[in-house]
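Asks: Predicted model follows, preceded by the sequence.
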Amino acid sequence: MLTLQMKESAQQWGDHKRAPLLNLLFFGSPEITLGGEPVTGFVSAKAKALLCLLAITRRVQSRNALVALFWGDVPEADAKTQLRVALSNLRKLVGDHLQIERETVAFDTTQAYHLDVEEFEKQLADSRLPIAKQDSLSAISQLLSANRAYRGDLLAGMLVRDAPEFEEWLLVQRERLCGMALDGLWTLFQLERARGNTAAALDALKRSVELEPWREEAHREVMLLLARTGKRSAALQQFETCRAVLQRELGVEPASETVHLYERIRAAGTDPRHNLPSPATSFVGRETELQTIVQRLETETRLLTLLGPGGIGKTRLALQAARQQVDRFLNGVFFVSLAQAQDADAVLAAIAHALAFSFSGGEAPRTQLLNYLQEKELLLVLDNFEHLHDGAELVREILARAPAVRVLVTSRERLNLRAEWLLSVRGLPMTQTGADTGAPSAALRLFAERAAQVAPDFDFEHEAAQVHHICALVEGMPLAIELAATWRRMYSADEIVQQIKIDLDFLATTQTDVPAAHSSLRAVFARSWEMLSPREQGAFRGLAVFRGSFTSEAARHVAAIAPPTLQALADKSLVSTLPREASDPGLRFGMHELLRQYALAQFAYAEQQAAALHDKHSAYYAEKLAAQETALKGADTKNAVVGLARDGENIVAAWEWASARTPPDAVVLARMVEPLMVLLELRGEYLAAERLYAHTAAQLEDQNAPNQASEIILARVLTGQSWFCFRLAQFEQGRALSARAFS
């Protein structure tokens, strides 16, 4: 019983000693409350200022330092007496929140308190964390909290007589914290602008102007944002406000840069904002690419090229990004189609037409256009640039002469300029976009939307698997997906899959408002083919023999393609460079499956050449696999399997070609039969292996005049097939195959 009473007494004592919340709001006119009640009764202004200083610094202060700060012009004995009086007063008002010792005084940070200055500094510090540790939304939230905390100058209106040292300290702190607030607002403005949140960016700027009305840079940014959002009158009025403030506060006129901006805004008043065509269909996916484009255009990037093969969706992506940027540029965004342009002069004329700019007599048209653009802030979208090599010089001149002009290019080939940034555009993703919601991927959504337009009976839930197969066959290429979807009015999704496998020409449309160049994939690819030199055409055709990815060394050995030629095809978006992997850090290349089909078709009148190329391919990968046989069977199994993983498709293709030859290529099959069996075993691909070996066995048995070599190979293939049957628990079939192998 006594123990319980002692515990209760201790708890009551602890509750008694726990100080109530001390709330200190020092931005603007100071407000101090304790437990929700205002703290009053300060013996002097210096006593109140002393509490403020202790809380703001949150450091141990010596009594001598405090005496010098507040009573430096008073005799020492009197000064110390006045300090004791002030501390005695503070002990009565907020004593539990102070640590008052014989020689020192400090604010007790272990007690419950809230200090807006501390919150402000912490939020700003957290907002400056590296991007890797937080996203922009988190930084924006912290900056907004800091802005809310900063209600005005530190201890605004506080007057402490006969304390010049404190007044100097306070002035320094006010300037420091105001500078931090301005920096935070500027960062907030930049982050909101990068997100396209113009209203929030403008709010941050206006708050900055309120804090420092004579800051011309902020006035100019306000003018720009207002003008870009169509509020031209408000932008011009902002200039007048800026001029009046500068005249009143500093007795100066606005800088030439500000005046120049005013004149540009006034001149841009009657210009059109854009000439972007209205989309005929919805835009699907590409959220990551759009964000990347916006971020690039918000930085110092002057020239951004969207690079990819025909049909991959570069134009739609560029147009969608351009629509999001109309308010970003003072003089707007303009789309320039170059599909029909043949030379640099045609590019010049197309740009002028898009800008509604008319040439006059006198100076050369090129000079007139450059002079016109020199004072403009706009985005030019140059579409289909790949065939205009001599037009790159005009782009370079525009960038050099017009510093506020940015250029977004779509092309199958880079412009090869120093200012150029590249963004590779690939097929739409086919994986699920939301594991929890089960939302279909962008590729599947695109097919579903287009199919529903032409086939009212289309049911995505029942056809999802087949739609995924279609999208996989075309590797997410948007044009191919849309062309395939138009056939849903006549064929089921299953039938579309079979048609795509049979004939590339199936991917075409008869819709009358589709440009001829995009009415079929063959027409799209033919444009790229015609732009290749004879050497590049031969190389492109030769690469069709590869399946999956391949190395530069393989291209050279199999198809006699030198690295510069391979790189030229990559620059023209007919070959892609693939991301490096930790297990295989070497550079590898790939070709879109539909482009591979088109390249294979170019062998139509060169069957012997195609066969010789396949023979080289088969022999090369047979040698590569055989070279790893010892490692596959030894202690280095894991590394051997990993090393061969990215060549898996080519290894299987080499095996299939050798077994399909008439007669079969016994040399290649003999080298591959056992290491291929071991590789498939180690990778656990039992079912695929059994089917592969069964197909090869059937081909060998169908030979009209089997020879001894092919019979030996057949026996080894049957042995392999039987082994995988046993692994699949198909014991009777396995025993039968084993008996046939040894008969």
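Replies: Thanks, I have the structure now.

Asks: hang on, G548 packs against F589?
Replies: No. G548 lies out of contact with F589 (C-beta atoms under 8 Å); the separation is 10.3 Å. For every residue, glycine as well, the C-beta is placed using N, CA and C.

Asks: Compare these two and say which is more crowded by neighbours.
Replies: Higher neighbour count among G548 and F589: F589, with 20 against 17, using other C-beta atoms under 10 Å.

Asks: In terms of helix, strand or coil, where does the more buried one fall?
Replies: strand (DSSP: H, G, I helix; E, B strand; the rest coil).

Asks: what residue is smack in the middle of this protein?
Replies: T292 (4.1 Å; C-alpha atoms, centre = their mean).

Asks: Please list all residues in contact with S710.
Replies: Taking C-beta atoms under 8 Å, 6 or more residues apart in numbering, we find S710 in contact with P663, P664, A666, L700, Q703.

Asks: quick one, phi/psi of E287?
Replies: phi -60, psi -40 (degrees, to the nearest 10).

Asks: how far away is it from E656?
Replies: 39 Å (C-beta to C-beta, to the nearest Å).

Asks: And for V74?
Replies: When V74 is compared with E656 (using C-beta to C-beta), they lie 101 Å apart.

Asks: same deal with S145?
Replies: 64 Å.

Asks: Over to G313?
Replies: In terms of C-beta to C-beta, G313 sits 33 Å off from E656.

Asks: which outside residues touch stretch 247-259?
Replies: Stretch 247-259 is touched from outside by P213, W214, E216, H219, R220, F239, C242, R243, L246, Y262, with contacts defined as C-beta under 8 Å, 6+ apart.

Asks: C-terminal to the helix of greatest length in the chain, which secondary structure element comes first?
Replies: In the chain, with assignment by DSSP state H, the single longest helix is helix 164-194. Going down the chain from helix 164-194, the next helix or strand is helix 198-211, by DSSP states H and E.

Asks: relative to helix 198-211, how tilted is the longest helix of the chain?
Replies: 160 degrees (axes from the mean of the first three to the mean of the last three C-alpha atoms, to 10 degrees).

Asks: how about the helices in the stretch 451-600 of the chain?
Replies: 460-473, 478-486, 493-502, 521-530, 534-543, 552-559, 563-571, 593-601 (DSSP state H, counting those that start in this stretch).

Asks: Low-confidence stretches in the stretch 151-300 of the chain?
Replies: By pLDDT under 70, the low-scoring segments of the stretch 151-300 of the chain are 269-272.

Asks: For A86, grab the count of nearby residues.
Replies: Counted with other C-beta under 10 Å, the neighbours of A86 add up to 23.

Asks: Contact partners for A146?
Replies: Per C-beta under 8 Å, 6+ apart, neighbours of A146: E119, F120, Q123, L124, S127, A181, G184.

Asks: what does A599 give?
Replies: Counting by C-beta under 8 Å, 6+ apart, A599 has contacts F540, R541, L543, A544, M591.

Asks: and which of those residues is nearest to L90?
Replies: Using C-beta to C-beta, M591 comes nearest to L90 of the contacts of A599, at 79.2 Å.

Asks: My read is that that closest one contacts V575, right?
Replies: Yes. Applying C-beta under 8 Å as the test, M591 and V575 come out as touching, 5.6 Å apart.

Asks: Please enumerate the shared neighbours of the two.
Replies: L543.

Asks: any idea of the mean pLDDT in whatever helix or strand L718 lives in?
Replies: For L718, the host element (DSSP H and E) is helix 708-727. Model confidence over helix 708-727 averages 82 on the pLDDT scale.

Asks: starting at the chain centroid, how far to it?
Replies: 51 Å (C-alpha atoms, centre = their mean, to the nearest Å).

Asks: same thing with stretch 352-359?
Replies: For stretch 352-359 - counting by C-alpha atoms, centre = their mean - the centre lies 34 Å from the chain centre.

Asks: And for stretch 259-277?
Replies: Worked out by C-alpha atoms, centre = their mean, stretch 259-277 lies 30 Å from the chain centre.

Asks: correct me, but G152 touches G28?
Replies: Yes. Applying C-beta under 8 Å, one finds G152 in contact with G28, separated by 3.6 Å.

Asks: Which secondary structure elements does the longest helix of the chain sit against?
Replies: With contacts taken as 3 or more C-beta pairs under 8 Å, 6 or more residues apart in numbering; DSSP states H and E, helix 164-194 sits against helix 45-57, helix 63-70, helix 116-127, helix 136-149, helix 198-211, helix 216-228, helix 287-298.

Asks: I'd like to know which elements the second one is packed against.
Replies: Spelled out, it's helix 63-70. Taking 3+ C-beta pairs under 8 Å, 6+ apart as the contact cut, helix 63-70 packs with helix 45-57, helix 76-94, strand 104-107, helix 164-194.

Asks: and for it, what are the contacting residues?
Replies: With C-beta under 8 Å, 6+ apart as the test, helix 63-70 has contacts from 46, 49-50, 53, 76, 79-80, 82-83, 86, 103-105, 160, 163, 165-166, 169.

Asks: quick one: it to chain centroid distance?
Replies: Worked out by C-alpha atoms, centre = their mean, helix 63-70 lies 56 Å from the chain centre.

Asks: what's the answer for the fifth one, then?
Replies: Put simply, helix 198-211 sits 27 Å off its chain's centre (C-alpha atoms, centre = their mean).

Asks: Report the angle between it and helix 136-149.
Replies: Going by the same axes, to 10 degrees, helix 198-211 makes 30 degrees with helix 136-149.

Asks: In contact with L143, which residues are there?
Replies: L143 neighbours (C-beta under 8 Å, 6+ apart): Q123, L124, S127, G184, L185, T187, L188, L191.

Asks: Between the helices and strands packed on helix 164-194, which one is closest to P309.
Replies: Comparing the helices and strands packed on helix 164-194 by C-beta to C-beta, helix 287-298 comes nearest, at 15.3 Å.

Asks: Just list what that closest one packs against, helices and strands only.
Replies: helix 164-194, strand 303-307, helix 314-324, strand 406-411, strand 420-424.

Asks: what's the spacing between D494 and L444?
Replies: 16 Å.

Asks: Kindly report the same for A694.
Replies: In terms of C-beta to C-beta, A694 sits 33 Å off from L444.

Asks: okay, these two: which has more neighbours?
Replies: L444 (26 against 18).

Asks: pLDDT below threshold where in the stretch 451-600 of the chain?
Replies: Checking the stretch 451-600 of the chain against pLDDT under 70 turns up 509-519, 581-585.

Asks: quick one: which of the helices of the stretch 451-600 of the chain is nearest Q721?
Replies: Shortest distance between Q721 and the helices of the stretch 451-600 of the chain, using C-beta to C-beta, is found for helix 493-502: 25.7 Å.

Asks: Could you list every helix and strand in contact with that closest one?
Replies: Secondary elements touching helix 493-502 (3+ C-beta pairs under 8 Å, 6+ apart): helix 460-473.
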